[in-house]
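Enquirer: coordinates only, sequence not included:
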């Protein structure tokens with residue numbers, strides 16, 4: 001299974017609007033009281049790298065499982081008189097910025113401006129859906145504005161709800177997420193149970209304690 005992380009994005013032209021903040025290829029329109037932390041850029045870089053490696057491994061496991069199933073089917077159908085020849089399919093190539101039905105479903109539980117979700121959409125190869133959630137109505141309005149501004153509507157769905165509610169309402173197998181991202185203001189401990197409950201088996205939990213004196 002092959003994943004291409006190097007799909008080029010069109011360069012974003014210089015914007016004279018001083019209220020536009022750029023991080024990598026993403027742009028967010030700032031303003032109001034929606035929280036943006038530029039210090040966490042490295043954390044976002046690291047999360048993207050981890051998610052790309054995670055999906056690469058997941059895709060490889062799926063490919064190996066499919067090949068094993070195909071080999072068993074061929075073996076079961078073979079006869080001594082006319083053996084069949086196995087012809088493995090070419091592995092699909094995943095690129096960032098494109099929606100895949102077999103891709104990752106990611107929850108950013110406390111999304112603020114939506115910058116992290118937008119970067120995930122632009123930089124992670126193999127995404128099905130990203131849910132960018134926030135309790136603040138102003139934040140959700142900002143998420144929708146920034147999603148349209150970056151033209152990633154196909155990959156990101158904005159959600160206006162309490163993070164704990166979203167996670168506990170997503171515990172059914174068909175609603176669970178492949179990855180959950182927690183970056184709260186303050187200690188993340190109270191969100192951990194809900195996050196674990198809504199993760200698929202073998203899913204990935206990313207936790208940041210942005211404003212604490214110690215990292216996780």
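Expert: Cool, the structure landed. All figures in this text were calculated on a predicted structure; none of them were measured in a lab.

Enquirer: Test my guess that residue 43 contacts residue 208.
Expert: Yes. The criterion here is CB atoms under 8 Å, and residue 43 meets it with residue 208 at 5.6 Å. To be clear about C-beta, it is placed using only N, CA and C from the backbone, and glycine gets the same treatment.

Enquirer: who touches both of these two?
Expert: residue 183 (CB atoms under 8 Å, 6 or more residues apart in numbering).

Enquirer: With neighbour numbers in mind, choose between the two.
Expert: residue 208 (21 against 16; other CB atoms under 10 Å).

Enquirer: which SS state does residue 142 fall under?
Expert: helix (DSSP: H, G, I helix; E, B strand; the rest coil).

Enquirer: That one and residue 165: what is the separation?
Expert: Noted for residue 142: a distance of 20 Å to residue 165, by CB to CB, to the nearest Å.

Enquirer: Show me which helix runs longest in this structure.
Expert: helix 41-77 (DSSP state H).

Enquirer: what's the spacing between it and its chain's center?
Expert: The chain centroid and the centroid of helix 41-77 are separated by 15 Å, computed with CA atoms, centre = their mean, to the nearest Å.

Enquirer: strands paired with the helix or strand following it, and their directions?
Expert: Using DSSP states H and E, the next helix or strand after helix 41-77 towards the C-terminus is strand 93-95. Sheet pairing of strand 93-95 (DSSP bridges) gives strand 2-4 (parallel).

Enquirer: For the strand it pairs with, give the mean pLDDT please.
Expert: Strand 2-4 shows a mean pLDDT of 54.

Enquirer: likewise stretch 93-109?
Expert: Across stretch 93-109, pLDDT averages out at 96.

Enquirer: Could you do stretch 205-216 as well?
Expert: For stretch 205-216, the per-residue pLDDT averages 69.

Enquirer: returning to what we had before: the more surrounded of residue 142 and residue 165?
Expert: residue 142 (27 against 13).

Enquirer: Can you give me the pLDDT of the more buried one?
Expert: pLDDT recorded at residue 142 is 93.

Enquirer: any idea which helix or strand comes after the helix or strand of the chain with the lowest mean pLDDT?
Expert: None of the helices or strands of the chain scores lower by mean pLDDT, DSSP states H and E than strand 2-4, at a mean of 54. Toward the C-terminus, strand 2-4 is succeeded by strand 20-23 as the next helix or strand (DSSP H and E).
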